[in-house]
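Asks: Got a sequence here, can you build the structure:
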Amino acid sequence: MRVAFFDLEPWQPDYLQTGLQRLGIAERVQADFFEDHLTPDTAAQYADYDAIVVFIWTKVSGAVIDALPNLRLILTMSTGYDHIDLQACRARGITACNVPHYGENTVAEHTFALILSLSRKLHAAYFQGLRGEYRIRELRGFDLYGKTLGVIGAGNIGLHVIRIARGFGMRVLAYDMRPHPLLAEVLGFTYTDLDTLLAESDIVSLHVPALPQTHHLINREMLCKMKRGALLINTARGSVVDTEALLWALEEGILAGAGLDVIEGEEYITEESALFKMPLAEQTLKQVVQAHLLLRRDDVVFTPHIAFNSHEAVQRILDTTLANLKAFLEGQPQNVVG
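Replies: The predicted model follows:
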């Protein structure tokens, strides 16, 4: 089977090749490794490959799939798979697999990095230090102890966030379509409806996948229901939050701040001069402009989609991806999506 790995870091080909040998499938796989993304313009170069392995930066669109006539398998090195055209996969009988569990604790830890940066004004203190300033009254934050954290999406990552929050002595409310009362009792949190969570939470943290029903889940209407002066944290997907509404809520003082690891149009966040070279649709261009406005605000902490990005988590991603490849070769695909 010919397999093309894309979106790789320089050290990863050796790790993957060793992994193929460890799993006993090196003789069955002709693997090629590329640091570049796969795009509609380059896809035809890889027409002979039976499988592709990608990260979220590669958009596996219908056009890409059409350019790969031998394609039987798509492996994404991520939990999210909204960058893959699953309808096109189904039409061609192509199997798509993800990595459902690799960084629950990793993303949860990053969630609290964002929370603490805002609650204790760490980002503002850092920039004061760069300027040689020392104005501690401007850096007064607040304790997490006794505050209420609202977790929207109490799945694997959300539950890890809840465990950490309880360690800080926080009261935790959770909203999830599939509540688990026993877990709530054991971990010491309370399931509630979305309106109650928004109204009572000092901090709201998002942990839902990118689905049609979660697109702009946090919009102007939902933001108006939030406790005034609350913080919003998003380590889920950028599409879950309406960027225009978020800007408005910050301007109006409804929110005291936002911690964002993801944002709409994040794939286009670059130097402004480079944007003129990109053929962007009007709506996309609007998102890019809003993103730049948002990221320049003092009350926003932004990290460039790195909540997953620990050494341990990345190795787990690669290991699970290879295990998915082995399972497909053995006729028992695992972690199939769509």
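
Asks: unless I'm mixing things up, D202 is touching L149, no?
Replies: Yes: between D202 and L149 there is a contact at 7.2 Å, judged by CB atoms under 8 Å. In short, each C-beta sits where N, CA and C put it, glycine included.

Asks: So for the two, which residue has more residues nearby?
Replies: Ranked by neighbour count (other CB atoms under 10 Å), D202 and L149 place L149 first, with 28 against 20.

Asks: Would you list the phi and psi of that one?
Replies: phi -100, psi 130 (degrees, to the nearest 10).

Asks: Of all the residues in the lengthiest helix in the chain, which ones are buried?
Replies: As assigned by DSSP state H, the longest helix anywhere in the chain is helix 311-329. Of all the residues in helix 311-329, those buried under the rule 16 or more other CB atoms under 10 Å are 313-314, 316-326, 328-329.

Asks: Over to stretch 207-221?
Replies: Buried, per 16+ other CB under 10 Å, within stretch 207-221: 207-210, 214, 216-219.

Asks: and what of stretch 220-239?
Replies: Quick answer for stretch 220-239 (16+ other CB under 10 Å): 222-223, 226-227, 230-239.

Asks: Which strand residues bridge V172?
Replies: Taking DSSP bridges as the rule, V172 bridges to L149.

Asks: Thought A165 was touching it, still the case?
Replies: Yes: with contact defined as CB under 8 Å, V172 and A165 form a contacting pair (5.1 Å).

Asks: Find residues that contact each of these two.
Replies: Residues within reach of V172 and of A165 at once, by CB atoms under 8 Å, 6 or more residues apart in numbering, are 149, 151.

Asks: Give me the below-cutoff pLDDT ranges for the stretch 201-338 of the chain.
Replies: Across the stretch 201-338 of the chain, the ranges flagged by pLDDT under 70 are 269-281.

Asks: Which residue ranges of it form strands?
Replies: 203-206, 230-234, 255-260, 300-302 (DSSP state E, counting those that start in this stretch).

Asks: could these be laid out in TSV, adding distance to I65?
Replies: Shown next, in TSV, are the strands of the stretch 201-338 of the chain (distance: least, CB to CB, whole Å):
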stretch	distance to I65
strand 203-206	30
strand 230-234	30
strand 255-260	31
strand 300-302	32
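
Asks: Which of those strands sits closest to V337?
Replies: strand 203-206 (20.7 Å; CB to CB).

Asks: In contact with Q17, which residues are there?
Replies: If you count contacts by CB under 8 Å, 6+ apart, then Q17 has 26, 31 around it.

Asks: Make sure I have this right: it is in a helix.
Replies: Yes: according to DSSP: H, G, I helix; E, B strand; the rest coil, the state of Q17 is that of a helix.

Asks: Quick check: pLDDT value at it.
Replies: Note on Q17: pLDDT of 97.

Asks: now swap in the one 5 residues further on and tell me
Replies: pLDDT, R22: 97.

Asks: measure it to H311 for me?
Replies: Using CB to CB, to the nearest Å, R22 is found at 18 Å from H311.

Asks: same deal with I164?
Replies: The value you get for I164 to H311, if CB to CB is used, is 20 Å.

Asks: now do N219
Replies: Taking CB to CB, one finds N219 at 37 Å from H311.

Asks: List of residues touching the longest helix of the chain?
Replies: By CB under 8 Å, 6+ apart, helix 311-329 touches 1, 3, 12, 15-16, 19-20, 23-25, 28-29, 51, 53, 73, 75, 77-78, 95, 97, 99, 101-103, 106, 308, 333-335.

Asks: Off-centre distance for that helix?
Replies: Mean-position distance between helix 311-329 and its chain equals 18 Å (CA atoms, centre = their mean, to the nearest Å).

Asks: for stretch 60-68, same thing?
Replies: 23 Å.

Asks: First-to-last residue distance for it?
Replies: 11 Å (CA to CA, to the nearest Å).

Asks: for the record, mean pLDDT for it?
Replies: 98.

Asks: Residues touching that stretch, excluding its own?
Replies: 38-40, 43-44, 46-47, 49, 52, 54, 71, 74, 76, 83-85, 87-89, 92, 94.

Asks: go again using 6 Å as the cut-off
Replies: Contact with stretch 60-68 is made by 40, 43-44, 47, 74, 84-85, 88, as judged by CB atoms under 6 Å, 6 or more residues apart in numbering.

Asks: rewinding a little: any chance of the buried residues of stretch 220-239 in JSON lines, with distance to L198 too?
Replies: Output for those, formatted as JSON lines (distance: CB to CB, whole Å):
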{"residue": "M222", "distance to L198": "6"}
{"residue": "L223", "distance to L198": "8"}
{"residue": "M226", "distance to L198": "5"}
{"residue": "K227", "distance to L198": "7"}
{"residue": "A230", "distance to L198": "8"}
{"residue": "L231", "distance to L198": "12"}
{"residue": "L232", "distance to L198": "10"}
{"residue": "I233", "distance to L198": "13"}
{"residue": "N234", "distance to L198": "14"}
{"residue": "T235", "distance to L198": "18"}
{"residue": "A236", "distance to L198": "16"}
{"residue": "R237", "distance to L198": "19"}
{"residue": "G238", "distance to L198": "20"}
{"residue": "S239", "distance to L198": "19"}
